[in-house]
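*Asks:* Got a sequence here, can you model it:
(2 chains, ligands or ions: 1)
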Amino acid sequence: MRVGIIGVGMTAFRPSTPEYSWKELMFEAASRAYADAGVDPRTEVDSFVTCAEDYYEGFGIFDEFTPDQLGGALRPVCTVTGDGLQGLANAFMQIQTGLIDIAVVEAHSKASDILTLEGIIEHGLDPIWNKPLGGHPFLIAGLEADAFVRKTRTSVKAFAAVVAKNRTNALRNPLAAYAAKVDAEQVLSSAERFAPLRALDIAAPADGGVVLVLASEAAARRRHANPVWIRGIGWASDSPTLETRDWTQAAYAQLAAEMAYRLAKVRRPATEIDFAEVDDRFSYKELQHLEAVGLAKKGEAGRTVLKGGYDPGGALPVNVAGGSLGCGNVFEATGLHRAAEVALQLRGDAGSHQIDGVRVGVAQSWRYIPSATGAVAVLGVGQ
Amino acid sequence: MTQRITKWPGVELSAADLNEGKVTQTRFRPNAKYAWSAGEAMSRFLAELQNGRLIARTCRSCKRILFPPRMFCEVCFRPTDEWTYIQDTGTIETFSISYLDTDAKRIPDPILVGVVSLDGASPKMGMMHYFGDMTKDEIRIGMRVKAVWKPWEERRGSVLDIRHFGPLRKDAK
Ligand SMILES: [Zn+2]
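*Replies:* Next up, the predicted model:
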């Protein structure tokens, strides 16, 4: 049974949203998605999936607080403690059971409510092995970026090129929080943070909400919807232990991609995929992820970005909407935002950052520091 | 059955053993601080509490008066319509008598806690709060109550601006 995306709703991504509670933020994203899909959540949606981590929200059992603002009161609702693409996979499988015709997936960030963001991220570290060291949690990104540079002989100029591309791409995305004409020189001269990473290599946090409406093929037909098909989806986790990881590559992304490609019957991703939205919350991550999901040969992504190969007009447009560097880090909503952007591109509804003639796109997510977990979705239109 | 066991196997640990470092342990206090944006509905609600008033939102579609106020109706899934004040009097829907505090210590004078349906709001809408000026033998479901507000200078824009709900006397306004 095929499953398609029939509705997309997003709020703007902003550095902070003091005028909205997180509930009001979710209500806006949901209202937009239901209007886009033309569905009434109170009578036509069979299941609601939210994606949230209690420590980002600041209170326990967050899933209990989600139904009202999604239209899910007195209906089947569950929360995936993970990235939005993991929630998308959950909803995809719910529809595959045949029990659910229409499902909704929600993810959001209200990072501006967190006063001690580094403290929350640090709290994800192993309490016996790593926490006693007391280092800044972003050091983990520095360690990985360094290993990536050495293994693939990628220049830090390629990291700067990723930042410049994505911040500039965001200028064409009215929803982006950090759109700016940033050039590589500015990145390379920004303050040192966690070598080889500098200040501008790190995506800044943002608030925002994303909601997708999914339908079975039969339900989509009945509604005369024109869905973006979820052709394949996969997810994987590497060992959480920092001391036994392969620091040079994103094994979780590679395994998630293999699972998604198997389902989607994609055999040569580099030729069959038209564009990609991948996690770039640290600049090197975009390159590392492109290599992991088979869209670049090992060691080639850095050279390709320097030649403009991932620009909107390049051979493989990557993060055309601005990525997290341009839109802001929306935490558990990051992957769902990527899927939403891929869906809008495939529908031809991406507005001023639309790329022409795309039929198949990939959305890839990572569960941020300190995780080695990620997911991949292959989306497509037509038969 | 456990009463008949005089000696348990193993080594008993006391709080002193932990404090004196006789047990290998690791401690971490997360730096987890938050400041939630109250948003449109709750900001007005809290500001009105400071004024000694309770405010609700109306939904024209289901004709309910929603309290606490929210900008969307969870039944109709649509934006709510207007602000409206409700009364600070109501009826006890349910209550419990708490003999233990949050640390599970016995409370000499048990705390009365419950949910009040407020006059002017739709049925089953109101506040969870403490009850006062009544004994545990007097409290009952269906009892009429009224908010006892803190003096203006002590109010902070919090549900604790109401000290508790006390009995609604016939002669009270
Ligand atoms: Zn209503």
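*Asks:* C-alpha only now, for contacts and for neighbours.
*Replies:* OK.
*Asks:* So what's the residue count around B:Ile55?
*Replies:* 26 (other C-alpha atoms under 10 Å in any protein chain shown).
*Asks:* Please identify the helix or strand for it.
*Replies:* Of the helices and strands defined by DSSP states H and E, B:Ile55 is found in strand B:54-59.
*Asks:* Let me know whether that strand sits next to chain A.
*Replies:* No: Strand B:54-59 is not in contact with chain A by C-alpha under 8 Å from any C-alpha of the partner chain; minimum separation 14.2 Å.
*Asks:* pLDDT score assigned to the closest residue to A:Met259 other than its chain neighbours?
*Replies:* The shortest distance from A:Met259 to any non-neighbouring residue, by C-alpha to C-alpha, 6 or more residues apart in numbering or on different chains, is to A:Gly234 (4.9 Å). Predicted confidence (pLDDT) for A:Gly234: 98.
*Asks:* Which helix or strand contains A:Gly234?
*Replies:* Per DSSP H and E: A:Gly234 is located in strand A:228-237.
*Asks:* what helices or strands is the helix or strand following that strand leaning on?
*Replies:* Where DSSP H and E defines the elements, the next helix or strand beyond strand A:228-237 is helix A:251-264. On a contact count with 3 or more C-alpha pairs under 8 Å, 6 or more residues apart in numbering or on different chains; DSSP states H and E, helix A:251-264 meets strand A:228-237, helix A:283-292, strand A:360-366, strand A:373-380.
*Asks:* Domain map for chain A?
*Replies:* The record assigns chain A these domain ranges, following automatic domain parsing: A:3-113+A:206-223, A:120-204+A:229-380.
*Asks:* Quick one: distance of the last one to the chain centre.
*Replies:* Taking C-alpha atoms, centre = their mean, to the nearest Å, the mean C-alpha location of domain A:120-204+A:229-380 is offset from the chain mean by 8 Å.
*Asks:* hmm, back to that, so for B:Met71, which of the domains of chain A sits nearest?
*Replies:* When those are compared by C-alpha to C-alpha, domain A:3-113+A:206-223 sits nearest B:Met71, at 7.2 Å.
*Asks:* so what's the backbone phi/psi at the residue of chain B found nearest chain A?
*Replies:* Proximity of chain B to chain A (C-alpha to the nearest C-alpha) peaks at B:Gly39, 4.0 Å away. When read as degrees, to the nearest 10, the backbone of B:Gly39 gives phi 80, psi -180.
*Asks:* and it, how many neighbours?
*Replies:* There are 20 residues near B:Gly39, going by other C-alpha under 10 Å.
*Asks:* before we move on, back to that, can you add mean neighbour count and give the helices and strands packed on helix A:251-264 back as a markdown table?
*Replies:* Below are those laid out as a markdown table (neighbours: other C-alpha atoms under 10 Å in any protein chain shown):
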| stretch | mean neighbour count |
| --- | --- |
| strand A:228-237 | 23 |
| helix A:283-292 | 26 |
| strand A:360-366 | 28 |
| strand A:373-380 | 28 |
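*Asks:* wait, which of those is closest to A:Ala170?
*Replies:* Closest to A:Ala170 of the helices and strands packed on helix A:251-264 is helix A:283-292 (C-alpha to C-alpha; 14.8 Å).
*Asks:* Verify the stated contact: A:Gly361 with A:Val376.
*Replies:* No: the criterion here is C-alpha atoms under 8 Å, and A:Gly361 misses it with A:Val376 at 10.6 Å.
*Asks:* most centrally placed residue in chain A?
*Replies:* With distances taken as C-alpha atoms, centre = their mean, A:Gly335 lies nearest the centre of chain A, 2.1 Å away.
*Asks:* For it, give its distance to the ion.
*Replies:* A:Gly335 sits 33 Å away from the ion, going by C-alpha to the ion, to the nearest Å.
*Asks:* Strands of the stretch 1-150 of chain A, start to end?
*Replies:* All strands of the stretch 1-150 of chain A, identified by DSSP state E, counting those that start in this stretch, fall at A:3-10, A:47-51, A:77-80, A:102-110.
*Asks:* just to revisit the earlier point, who's in contact with the residue of chain B closest to chain A?
*Replies:* A:18-22, A:24 (C-alpha atoms under 8 Å, 6 or more residues apart in numbering or on different chains).
*Asks:* Could you rerun that using 10 Å?
*Replies:* A:17-25, B:45, B:70-71 (C-alpha atoms under 10 Å, 6 or more residues apart in numbering or on different chains).
*Asks:* try B:Pro68
*Replies:* B:41-42, B:45, B:54-57, B:121, B:125-127 are the contacts of B:Pro68 under C-alpha under 10 Å, 6+ apart.
*Asks:* which parts of chain B sit against the ion?
*Replies:* B:59, B:61-62, B:73, B:76 (C-alpha under 5 Å from the ion).
*Asks:* which of those residues tops the neighbour count?
*Replies:* B:Cys73 (24 neighbours).
*Asks:* was I right about that one contacting B:Arg57?
*Replies:* Yes: between B:Cys73 and B:Arg57 there is a contact under C-alpha atoms under 10 Å: 9.1 Å.
*Asks:* Mind listing the shared neighbours of the two?
*Replies:* Here B:Cys73 and B:Arg57 share the contacting residues B:64-66, B:79-81, scored by C-alpha under 10 Å, 6+ apart.
*Asks:* In JSON lines, list those along with secondary structure and pLDDT.
*Replies:* Shown next, in JSON lines, are the shared contacts of B:Cys73 and B:Arg57 (DSSP: H, G, I helix; E, B strand; the rest coil; pLDDT from 0 to 100):
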{"residue": "B:Arg64", "secondary structure": "strand", "pLDDT": "98"}
{"residue": "B:Ile65", "secondary structure": "strand", "pLDDT": "98"}
{"residue": "B:Leu66", "secondary structure": "strand", "pLDDT": "98"}
{"residue": "B:Pro79", "secondary structure": "strand", "pLDDT": "98"}
{"residue": "B:Thr80", "secondary structure": "coil", "pLDDT": "98"}
{"residue": "B:Asp81", "secondary structure": "coil", "pLDDT": "98"}
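*Asks:* So, low pLDDT: which residues of chain B?
*Replies:* B:1-2, B:170-173 (pLDDT under 70).
*Asks:* Which residue ranges of it form strands?
*Replies:* Here chain B has its strands, by DSSP state E, at B:54-59, B:64-66, B:72-73, B:78-79, B:82-86, B:89-100, B:106-118, B:126-131, B:144-149, B:162-167.
*Asks:* And the shared contacts of B:Cys73 and B:Arg57, which is closest to the ion?
*Replies:* Distances from the ion to the shared contacts of B:Cys73 and B:Arg57, taken as C-alpha to the ion, are shortest for B:Arg64 (6.3 Å).
*Asks:* hang on, isn't that closest one packed against B:Thr84?
*Replies:* No: if you go by C-alpha under 10 Å, B:Arg64 and B:Thr84 don't touch, sitting 11.4 Å apart.
*Asks:* any common contacting residues for those two?
*Replies:* By C-alpha under 10 Å, 6+ apart, the residues touching both B:Arg64 and B:Thr84 are B:56-58, B:121.
*Asks:* between those residues, which is closest to B:Lys7?
*Replies:* The closest of the shared contacts of B:Arg64 and B:Thr84, once distances to B:Lys7 are taken by C-alpha to C-alpha, is B:Ala121, at 60.2 Å.
*Asks:* which non-adjacent residue is nearest that closest one?
*Replies:* That would be B:Ile65: by C-alpha to C-alpha, 6+ apart, it lies 5.0 Å from B:Ala121.
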